[in-house]
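> Sequence and computational prediction follow.
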Amino acid sequence: MEFGDLPENAAWDATTKEERQNELRIAELRDVLDRAEVLPDNIPDACPDSVGTVADVNDRLILDINGKKEKLQLLPISPEQVRATSSQPLQPRKMNKYHFLSVDSLIGLAVFGKKENFQAKIDTPDGAKTIRIVTIVKG
């Protein structure tokens, strides 16, 4: 089988094209490695809220709100969508004994990314509330 002159050969063209693509990918990966940062061994000291269990989307939380325990599931929907899915317009919808809580609500924003025992005071339309994360169950 004769391939003829290499510059006129389709297989040669395909091979050189693949080689150029591989070289570009290697350059991209080298760039990623050049920009990578090694994290310190003492991450808990450097960034305390990023290590351990933190409240995230779809997690189920037990919150102490002004001394009353509430079971809430943190969802990636708006407060309006929470109300729209509720059978009672002003009450959050319950599912598996947990109320839905929008990550965009005042309480959702306060607890998102926080650890158990986090405590804060927030102002809501219903007045000031003291909230504390009692338990986080990963969703």
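Looks like it arrived, so ask away.

> Tell me what residue 62 is bridged to.
Counting by DSSP bridges, residue 62 forms beta bridges with residue 71, residue 135.

> Buried ones in stretch 121-139, by neighbour count?
Of the residues in stretch 121-139, those buried by neighbour count under the rule 16 or more other CB atoms under 10 Å are 129, 131-133, 136. In this view, the C-beta of every residue, glycine as well, is placed from N, C-alpha and C.

> Start and end of that stretch, how far apart?
End-to-end span of stretch 121-139 (CA to CA, to the nearest Å): 25 Å.

> hmm, back to that, tell me which two of the buried residues of stretch 121-139 sit farthest apart.
129 and 136 (18.8 Å; CB to CB).

> returning to that earlier point: quick one: which of the buried residues of stretch 121-139 is nearest residue 29?
residue 136 (36.6 Å).

> Please tell me I have it right and the closest one contacts residue 63.
No: assessed by CB atoms under 8 Å, residue 136 is found out of contact with residue 63, at 9.9 Å.

> need the helices for this protein, in chain order.
When assigned using DSSP state H, the helices of the chain occupy the ranges 10-35, 43-46, 79-84, 106-111.

> who wins for proximity to residue 98 among those helices?
Residue 98 lies closest to helix 79-84 among the helices of the chain, at 12.1 Å (CB to CB).

> By mean pLDDT, point me to the weakest helix or strand of the chain.
helix 43-46 (a mean of 42; mean pLDDT, DSSP states H and E).

> Would you single out the least confident of the helices of the chain?
For the helices of the chain, mean pLDDT drops lowest on helix 43-46, to a mean of 42.
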